[in-house]
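Student: What shape does this take:
(one chain, ligands or ions: 1)
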Amino acid sequence: ELGGKLAVVTGSTSGIGLGVARALAERGADLVLNSFTDTAADHALAEEIASETGRQVRYIQGDMSDAAQCRALVEKAGRCDILVNNAGVQHVAPIDRFPSEKWDQIIAINLSAAFHTTAAALPLMRQAGWGRVINIASAHGLTASPFKSAYVAAKHGVVGLSKTVALETAEEAITCNAICPGYVLTPLVEAQIPDTMKEYGMDRETVVRDVLLARQPSKEFVTVEQIAGTAAFLCSAVADQITGTAISLDGGWTAL
Ligand code: NAD
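Tutor: Have a look, this model is predicted:
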């Protein structure tokens with residue numbers, strides 16, 4: 001169903017971005033994978049997905065903390081029918097001890113990158129007469145937690161940016177939406193478990209239930225596959241009138 005479309009997914013060498021990229025290729029889209037590294041493993045991953053799906057898959061290095069590299073990623077892709085802004089980083093500290101370079105980095109990667117890639121992609125989508133912008137925000141795009149000032153500010157910003165892009169493209173065959181996941185057990189989250197076990201003197205099960213999933217009423221992680229399926233749904237024809245919205249996959253977190 002996505003045959004002939006090219007999807008550019010930022011930060012797609014692991015976790016959610018990789019899952020979304022795979023799902024789009026499985027539905028027929030060609031891919032541009034991206035991260036800030038340029039290793040043999042990055043290019044091997046592109047070849048692996050290409051041989052699994054029979055699609056054209058390229059790896060293009062680009063540091064999403066840098067405005068020029070964000071725009072260059074889309075320019076190097078050459079076309080961009082589906083843009084998934086997924087690259088993201090986190091830092092946890094109280095505001096008075098939050099390093100300002102961490103603030104700048106999180107705002108750059110988690111928010112400004114989506115502005116720059118979208119600015120570069122919209123003219124290509126208009127040329128093609130169709131487009132989808134999907135921003136991977138977070139439950140933290142709709143609600144806050146202490147010690148995550150930069151992340152919460154950036155993700156709220158991404159939800160606002162998604163609404164603005166939707167209004168500017170409303171009369172065209174282009175949509176823009178945000179996906180707002182609760183906790184997903186990606187390498188990023190998995191890596192936090194041992195430290196938290198040590199810090200609180202808890203076993204793994206208690207950390208997962210009482211710390212990570214404390215605010216996720218379902219007490220289950222969201223899966224990468226569920227997010228990937230939602231992104232694929234947003235690319236399908238039934239989603240033509242879904243634009244400017246934030247779709248939560250959070251086990252009830254934002255219903256609290
Ligand atoms: P991850 O660490 O597994 O993946 C992040 C990806 O971003 C990696 O491929 C990494 O290489 C890339 N990246 C990091 N810095 C980059 C940069 N400067 N330039 C280009 N790429 C860069 O994390 P994930 O959990 O898959 O998170 C993906 C997105 O989903 C993020 O935006 C994150 O905020 C969001 N999210 C994650 C969760 C969760 O629980 N894991 C929940 C809600 C939202």
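Student: Going by C-alpha atoms from here, please, whenever you check contacts or count neighbours.
Tutor: Fine.
Student: tell me which residues in stretch 61-72 are buried?
Tutor: 61-67, 69-72 (16 or more other C-alpha atoms under 10 Å).
Student: Unless I misread the structure, Arg132 falls within a helix.
Tutor: No - under DSSP: H, G, I helix; E, B strand; the rest coil, Arg132 falls outside any helix and is assigned strand.
Student: Correct me if wrong: it contacts Ala121.
Tutor: No - if you go by C-alpha atoms under 8 Å, Arg132 and Ala121 don't touch, sitting 9.8 Å apart.
Student: so what's in contact with those two at the same time?
Tutor: Shared contacts of Arg132 and Ala121 (C-alpha atoms under 8 Å, 6 or more residues apart in numbering): 81, 83.
Student: Go over the secondary structure and confirm Ala108 is in a helix.
Tutor: Yes - according to three-state DSSP, Ala108 belongs to a helix.
Student: which residue sits closest to it, ignoring its sequence neighbours?
Tutor: Nearest in space to Ala108, with sequence neighbours left out and distances taken as C-alpha to C-alpha, 6 or more residues apart in numbering, is Ser65 at 4.9 Å.
Student: Need the three-state assignment for the one you found.
Tutor: Applying three-state DSSP: Ser65 is coil.
Student: Who are the contact partners of it?
Tutor: By C-alpha under 8 Å, 6+ apart, the neighbours of Ser65 are 105, 108-109, 112-113.
Student: just Gly251 next, same as before
Tutor: Residues near Gly251 by C-alpha under 8 Å, 6+ apart: 182, 216-222.
Student: one more time with 7 Å
Tutor: The contact partners of Gly251, taken as C-alpha atoms under 7 Å, 6 or more residues apart in numbering, are 216-218.
Student: List the ones among these that fall in strands.
Tutor: Residues from the contacts of Gly251 lying in strands, with DSSP state E as the criterion: none.
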